[in-house]
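Novice: sequence unavailable; structure follows:
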Ligand code: GLY
């Protein structure tokens, strides 16, 4: 088992990466289960696959699982869902010193984490991420949020979990497309800050995607360790370090907005395309060698992820895509910080990017490839 500490003064916690963690949930999370009743928020798919396994472990330890089911999909990250969930937690008698289990992907983790951040001014929670994306990104670091009419993740809180259990067995029940989309976030850690990890993924990516245990554990644990280091250094994204995790996200967000945040482009697919665009744009500006940008394109293609925006068959031109960026929540006093690259493993925060230059670049990309 890989155990990665997230070091935060007074609020440190562990991320454990291994197979069989859900089957041993009562043992793994024992210090956080102080009452017989255990509130569990789960998305319907995660419960269908893992509910019985979790229940068996808890019941064998004399616990009484109490389930709250959330419909899969971003629609569940709403004010209405938040109100319903907090009402349920109150009806269940959850107290500040209690812990709620969040079983599922990023939607369940974000919604449950936010509910726990405000319930009685803050109760505990344990993340049980069942998707690759949630294991390597959203379950770690304490960002919780819901969506509003104005956009995604615009209302939320930093609220760290007390424990994260990334059960590698749960990845076997993921649809392949969702697995690949989560893998984009794994690639991100190599591209942004670890050239050796990038090389390792280049050589071992197929085995990771085939869910071979040792390479899979190494990929997830290395990703989590990268995120843990960044979160420990810049928990609230104030110094610029945590912002590096947004590599590929500004371009990606514009593509997601243009495709109405639909299944046409999953979030991880948008991040993969966004990384390719960040690399190509960096090369175009002479910041990064072209051969490094081409390596980013190839590793994305090799993973079966989209690498060409022209193939998305969108009506939008470069300006329309750049206009979506104006609504990005990272806008800061009229400028939009971009994560660019000086090379593989060398991301940095650029505050000198002109959106009209981005629009011209995107027009070239829409035509050239
Ligand atoms: N998903 C980006 C972050 O946690 O900061």
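Specialist: Great, that's in hand. Source: prediction; values computed, not measured. Numbers count the residues shown, from 1 in each chain.

Novice: now check the strand or helix carrying residue 152, is it near the ligand?
Specialist: Following DSSP states H and E, one finds residue 152 within strand 151-158. No - contact between strand 151-158 and the ligand, assessed by C-beta under 6 Å from any ligand atom, is absent, since the two come no nearer than 9.3 Å. All C-beta atoms are positioned from the backbone trio N, CA, C, and that covers glycine.

Novice: run the chain-centre distance for that strand.
Specialist: 14 Å (C-alpha atoms, centre = their mean, to the nearest Å).

Novice: parallel or antiparallel, which strands does it pair with?
Specialist: Partners of strand 151-158 in the sheet, by DSSP bridges, are strand 143-148 (antiparallel).

Novice: does the ligand sit close to the partner strand?
Specialist: Yes - residues of strand 143-148 are located near the ligand by C-beta under 6 Å from any ligand atom, namely residue 143.

Novice: show me what counts as buried in that strand.
Specialist: 143, 144, 145, 146, 147 (16 or more other C-beta atoms under 10 Å).

Novice: strands along the stretch 101-250 of the chain, start to end?
Specialist: 124-129, 143-148, 151-158, 163-167 (DSSP state E, counting those that start in this stretch).

Novice: quickly run through the sheet partners of the last one, with directions.
Specialist: Partner strands and pairing direction for strand 163-167 (DSSP bridges) are strand 13-18 (parallel), strand 124-129 (parallel).

Novice: contacts for the first one, please.
Specialist: Around strand 13-18, the neighbours that count as contacts under C-beta atoms under 8 Å, 6 or more residues apart in numbering are 1-6, 28, 135, 139-140, 160-168, 217, 220-221, 224, 228.

Novice: also the last one?
Specialist: When contacts are defined by C-beta under 8 Å, 6+ apart, strand 124-129 is touched by residues 21-22, 25, 29, 32, 54, 97-106, 109, 112-113, 116, 134-135, 138-140, 159, 161-167, 170.

Novice: close to the ligand, is that strand?
Specialist: No - judged by C-beta under 6 Å from any ligand atom, strand 124-129 makes no contact with the ligand; its nearest approach is 12.5 Å.

Novice: one step back: which members of the contacts of strand 13-18 are classed as buried?
Specialist: Using 16+ other C-beta under 10 Å, the buried ones in these are 2, 4, 6, 28, 135, 139-140, 160-168, 217, 220-221, 224, 228.

Novice: what about the ligand: which of the residues you listed touch it?
Specialist: Of the buried ones among the contacts of strand 13-18, not one also sits near the ligand (C-beta under 6 Å from any ligand atom).

Novice: out of these, which sit inside helices?
Specialist: With DSSP state H as the criterion, helices contain 28, 217, 220, 221, 224, 228 from among those.

Novice: give me the spatial nearest neighbour of the third one, chain neighbours excluded.
Specialist: Using C-beta to C-beta, 6 or more residues apart in numbering and skipping the chain neighbours, the partner closest in space to residue 220 is residue 17 (5.0 Å).

Novice: what sits up against stretch 173-185?
Specialist: In contact with stretch 173-185 (C-beta under 8 Å, 6+ apart) are residues 49, 130-137, 171, 205, 208-209, 211, 223, 248, 266-269, 271-272, 275, 300, 303-305.

Novice: with stretch 212-226 instead?
Specialist: Contacting residues not belonging to stretch 212-226 are listed as 2, 4, 15, 17-19, 132, 135-137, 140, 166, 168, 171, 185-186, 189, 193-194, 197, 200-201, 204, 207-208 [C-beta under 8 Å, 6+ apart].

Novice: can you check stretch 30-38 too?
Specialist: Contacts of stretch 30-38 (C-beta under 8 Å, 6+ apart): 26, 58, 61-66, 92-93, 97-99, 101, 124, 126, 162-163.

Novice: and those residues, which of them are buried?
Specialist: 26, 58, 61, 63, 65-66, 98-99, 101, 124, 126, 162-163.

Novice: and the single nearest residue of the stretch 151-300 of the chain relative to the ligand, how far from residue 292?
Specialist: Residue nearest to the ligand within the stretch 151-300 of the chain: residue 245 (4.0 Å; C-beta to the nearest ligand atom). Relative to residue 292, residue 245 is positioned 20 Å away (criterion: C-beta to C-beta, to the nearest Å).

Novice: okay, the two: which has more neighbours?
Specialist: The neighbour comparison of residue 245 against residue 292 (other C-beta atoms under 10 Å) goes to residue 245, with 24 against 20.

Novice: excluding its backbone neighbours, what's nearest the more buried one?
Specialist: residue 230 (6.3 Å).

Novice: pull the contacting residues for residue 340.
Specialist: 278, 281, 282, 285, 287, 288, 347, 348, 350, 353.

Novice: and the host helix or strand of it, average pLDDT?
Specialist: Assigned by DSSP H and E, residue 340 belongs to strand 338-341. In this model, strand 338-341 has an average pLDDT of 97.
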